[in-house]
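[1] Attaching a predicted model along with its sequence, questions to come.
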Amino acid sequence: MRTIQWPHFVLAIALATAAACNSDGNGSAVDGGPSPTAPGGSAGAYRSGLPGNRQLSSLNQSEQDQICKSAEAHLTKALGDSKVTELGCRVGAVIFAAIAPAATDAELQAECKEVYDMCIKDKSGSVMGDCKIADSTCKASVAELEACYTTMPAYFEALGSAFPTCQQLTLQLLMSSSAVMPPMTSAACQALEAKCPGRVPTPEP
C-alpha cells in the first residue's frame, strides 16, 4: 500500500463521503454555486441557533446534531448544493483511488472515476463527513465554534480550486511530499482546536 501524504482531515471526510455513496443524499452532478469572497462567503456568519455561552461539552446529542445539520446547511448556502456534492465526491474518489493498488496513471484515474461517478450518481457527497462536536474534555463554547465555522466556506472554496480531479491524478502526485491543500486554518479555528482538540475540521500536515 502506498504512503499517502494527504492531511488526516481530508482522509476522514473522504472515507465518510465514499461510504455515504451507497445511501441517499442531496446534491447535483453539475458544478455551480456562488463563490464566497470573504470568510463565511455569501452565507454570512454561521449561527447554530443555540446560546453562544453554552459549553460544547454540555450539549446533548440532539443539540450536537442540530449544529451538524446547520453547519452543512451553512456550507451549502455559501458554496451551492452542487459544489458541496461535487467536492465531497471528488475528495472521496481521490483518496479511495490513492489507497487502491494501481500500477499506472491510467489505472489510478480509472479507479478514481469509478468511485466519483458512483457518488455523483447517488448525489451523496458531503464535505462535513462524520460530524462530531465535542466530548467532556472540550473547553470551547458554542460562540467559539460558530466563529470557526463562519470561516469554513472560504476554506472549502479554496480546497475545491486546489484539490485534483480524477483526470489530474497521477502516481507522481500521490507520492509527492508537497500537499495540494490550501493553507489552513483561520485564527478562530485555531483557537477552537486549542480548546477542543480533534473536533475541529482542521487538516494536519
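    Cool, got the structure. Residues are numbered from 1 along each chain as shown.

[2] Next, the contact list for residue 57, please.
    By CB atoms under 8 Å, 6 or more residues apart in numbering, the contact list for residue 57 reads 134, 135, 136, 137, 138, 139. In this view, the C-beta of every residue, glycine as well, is placed from N, C-alpha and C.

[3] Same check on residue 52?
    Contact analysis of residue 52 by CB under 8 Å, 6+ apart lists 141, 142, 143, 146.

[4] Which SSE is immediately downstream of the lowest-mean-pLDDT helix or strand in the chain?
    In the chain, no helix or strand scores lower on mean pLDDT, DSSP states H and E than helix 8-20, which sits at a mean of 40. Using DSSP states H and E, the helix or strand that follows helix 8-20 in sequence is helix 61-79.

[5] just checking, what packs against that following helix?
    Applying 3 or more CB pairs under 8 Å, 6 or more residues apart in numbering; DSSP states H and E, we find helix 61-79 packed against helix 81-99, helix 142-150, helix 152-162.

[6] Provide the contact partners of the shortest one at residue level.
    Where contact means CB under 8 Å, 6+ apart, the residues beyond helix 142-150 that reach it are 39-40, 44-48, 50-56, 59, 67, 71, 74, 133, 185-186, 188-189, 191-192, 195-196, 200.

[7] Can you flag the buried ones in those residues?
    39-40, 46, 48, 50, 56, 59, 67, 71, 74, 133, 185-186, 188-189, 191-192, 195-196, 200 (16 or more other CB atoms under 10 Å).

[8] Ignoring the adjacent residues along the chain, who's closest to residue 174?
    residue 98 (5.3 Å; CB to CB, 6 or more residues apart in numbering).
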